[in-house]
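**Student:** Quick one, structure for this:
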Amino acid sequence: MHRYAHAAAVTDATITVTPVADVTLTLNTTYYDFGAVDVNSSTSSLSALRLTNSGQVYITVSKQIVTQSNPVGWTAGTSAGLDTYVLYCATSTAQPSLASFGASTQFGAQANVTALTGPAGTSPVMPTQGTGSFEDLWFRLDMPTNVSSSVSRSITVRFTGTSQ
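**Tutor:** Numbering: from 1, shown residues only. This next block holds a predicted model:
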């Protein structure tokens, strides 16, 4: 009787794929008007802008000021001063108090990119559908302590979604 040894050969292959997913953010409205606000005071929005992830992938969101003053003349900053204002944006299901807007919710200087956060400083991850696919955005504005002109100003902000 002959005994034969059986040998086996094993090889693995790795299959890699990178999903090409649509990253899309939409706002229910593209403006908020604070109206007339006293110099050297703080105010917050009375209604929220709703930011919705209508893409195909979970995202985190950053924020930045694109145009700090139109017409020119005001400067965005982290503390109010002559012609310098502070703008905040926080995510929340209800209107936060003025005191709830912390340093993590500030935009800071023009073109400064910061994470969109809630009052607690946490950055939401927005899923693509259902609960959590949107965030309500609330704004706080600390007016300049003094102004050179009482001309109305517009500030343009940008929200950017980044896939996870």
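
**Student:** quick one: low-confidence parts of the chain?
**Tutor:** By pLDDT under 70, the low-scoring segments of the chain are 1-4.

**Student:** could you pull out the helices for it?
**Tutor:** Taking DSSP state H as the test, none of the chain falls into helices.

**Student:** what sits against the spatially most central residue of it?
**Tutor:** For the chain, the residue nearest the mean C-alpha position is residue 116 (3.3 Å; C-alpha atoms, centre = their mean). Contacts here follow C-beta atoms under 8 Å, 6 or more residues apart in numbering; on that basis residue 116 touches 51, 60, 61, 62, 63, 89, 91, 123, 124, 135, 137, 159. Every C-beta, even on glycine, is put in place using the N, C-alpha and C of the backbone.

**Student:** Take those and write them to JSON lines, including distance to residue 111 and neighbour count.
**Tutor:** Converted to JSON lines, the contacts of residue 116 look like this (distance: C-beta to C-beta, whole Å; neighbours: other C-beta atoms under 10 Å):
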{"residue": "51", "distance to residue 111": "20", "neighbour count": "23"}
{"residue": "60", "distance to residue 111": "19", "neighbour count": "15"}
{"residue": "61", "distance to residue 111": "17", "neighbour count": "21"}
{"residue": "62", "distance to residue 111": "12", "neighbour count": "15"}
{"residue": "63", "distance to residue 111": "11", "neighbour count": "23"}
{"residue": "89", "distance to residue 111": "15", "neighbour count": "23"}
{"residue": "91", "distance to residue 111": "22", "neighbour count": "23"}
{"residue": "123", "distance to residue 111": "20", "neighbour count": "15"}
{"residue": "124", "distance to residue 111": "23", "neighbour count": "18"}
{"residue": "135", "distance to residue 111": "22", "neighbour count": "24"}
{"residue": "137", "distance to residue 111": "19", "neighbour count": "22"}
{"residue": "159", "distance to residue 111": "14", "neighbour count": "16"}
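
**Student:** Tell me the one among the residues you listed nearest to residue 19.
**Tutor:** residue 60 (16.8 Å; C-beta to C-beta).
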